[in-house]
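A.B. asks: output the structure for:
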Amino acid sequence: MVERARNRHVEEDQNPKLRRHYRARFWLARFALVPLIGLGTVFAEQPGKALIVVAHPDDEYYCASTVYKMAVQLGGTVDELIITNGEGGYRYSTLAAAYYKKPLTNEVVGRRELPAIRRQEAINAGKVLGIRSHYFLDQVDQHFTTDERDGAKYGWKSDLISSRIRALIRQEKYRYVFALLPRATSHGYHQAATALAASAIQALPPILRPVLLGFDTNPARFEPLPTELFPQTWQLDYRFAFDRTTKFGFRDALSYQIVVDWMIAEHKSQGLLQTMDRRDPKEYIWVDLSSSPQAQKSADSLFRLLGQDVTHNDK
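C.D. replies: Modelled structure (predicted):
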């Protein structure tokens, strides 16, 4: 190889045309690499860090596809903070009673056994979605309610929850917080979890504040109501929609619906969740404009990276 290179240089010195030919090939190859380097930079760009803040161990259902693409396919970091033990779900544990060989629909047994069961189910579901770490705050899950103040009535330590969220944001420098859109008709614990996330964010210096994103599988316009826990400024119409039916993989044989189904299947103690199989084709995302000075810009940046699976709503 060395001898061949030496001979080429001798030929170039003796033949000006040959010298010009090799120089032309060199510059052509150099400029051809420029767009490839640019593409490499685009694909190497990562979406940063997100923290999911939810009330129950299976609430990540509402953002499952977004989390999977961000964490698994784009190499971002997603953690999850779960406020309650989820023991209030004992009523829906009929299928799980045989699976876990425990009478979980009995309230006494269910409330005693479900916290550990649902914690492990959340960890298993997190493996499907690419969630890095889980933080469990072990607050009581009393019953279904539409009152966002109900958690505090039954023993939620709101100050502890808010301070834990603030500490995690300071420590991890999250750019995004994922929560559930706090509709007045939704579970009161969902509303409370989102309000506490908003409170924690706005208690931070502006430079540290992540954008708060509200997820729902219902695209209906959001109707804000005064909240006694903490106010938020949600857009009336959703800003983004992530299509769970988008195909990927070899010959487009897979879709994000399969990812969601896997996540659902891990929460075996919650029979009602199993009925959500392929029910919701999209995840709709709202932006809390009061959460961060760069709220809209940060949200747009994330969903631009998520790419062709996302529809932007410019209403």
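
A.B. asks: which phi and psi values does the closest residue to residue 221 other than its chain neighbours adopt?
C.D. replies: Among residues not flanking residue 221 along the chain, residue 236 sits closest, at 5.3 Å (Cβ to Cβ, 6 or more residues apart in numbering). C-beta: built from backbone N, CA, C; applies to glycine. Note on residue 236: backbone dihedrals following degrees, to the nearest 10 are phi -70, psi -40.

A.B. asks: go on, residue 235?
C.D. replies: Residue 235 adopts backbone torsions of phi -60, psi 150, taken as degrees, to the nearest 10.

A.B. asks: distance of it relative to residue 106?
C.D. replies: Distance, residue 235 to residue 106, using Cβ to Cβ, to the nearest Å: 44 Å.

A.B. asks: which one's more surrounded, those two?
C.D. replies: Using other Cβ atoms under 10 Å as the criterion, residue 235 and residue 106 rank with residue 235 on top: 20 against 14.

A.B. asks: that one contacts residue 289, doesn't it?
C.D. replies: Yes - between residue 235 and residue 289 there is a contact at 6.7 Å, judged by Cβ atoms under 8 Å.

A.B. asks: flag the shaky bits of this protein, pLDDT-wise.
C.D. replies: 1-44, 142-155, 226-230 (pLDDT under 70).

A.B. asks: find the centremost residue of the chain, please.
C.D. replies: Relative to the mean C-alpha position of the chain, the nearest C-alpha, by Cα atoms, centre = their mean, is the one of residue 67, at 3.2 Å.

A.B. asks: could you verify that it is part of a helix?
C.D. replies: Yes - counting by DSSP: H, G, I helix; E, B strand; the rest coil, residue 67 is part of a helix.

A.B. asks: need the contact list for it.
C.D. replies: Residue 67 makes contact with 50, 52, 60, 78, 129, 130, 131, 178 under the criterion Cβ atoms under 8 Å, 6 or more residues apart in numbering.

A.B. asks: give me every residue that touches residue 257.
C.D. replies: 244, 245, 278, 281 are the contacts of residue 257 under Cβ under 8 Å, 6+ apart.

A.B. asks: what ranges do the strands span in the stretch 1-150 of the chain?
C.D. replies: Using DSSP state E, counting those that start in this stretch, the strands of the stretch 1-150 of the chain run over 49-54, 77-84, 134-139.

A.B. asks: adding mean neighbour count and distance to residue 297, write those strands out as CSV.
C.D. replies: What follows is the strands of the stretch 1-150 of the chain, written out as CSV (neighbours: other Cβ atoms under 10 Å; distance: least, Cβ to Cβ, whole Å):
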stretch, mean neighbour count, distance to residue 297
strand 49-54, 25, 16
strand 77-84, 24, 20
strand 134-139, 17, 27
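
A.B. asks: of the ones you listed, which is nearest residue 189?
C.D. replies: Smallest distance to residue 189 across the strands of the stretch 1-150 of the chain (Cβ to Cβ): 6.6 Å, for strand 77-84.

A.B. asks: what helices or strands is the closest one leaning on?
C.D. replies: strand 49-54, helix 107-129, strand 134-139, helix 158-172, helix 188-202 (3 or more Cβ pairs under 8 Å, 6 or more residues apart in numbering; DSSP states H and E).

A.B. asks: no further queries at this time; thank you.
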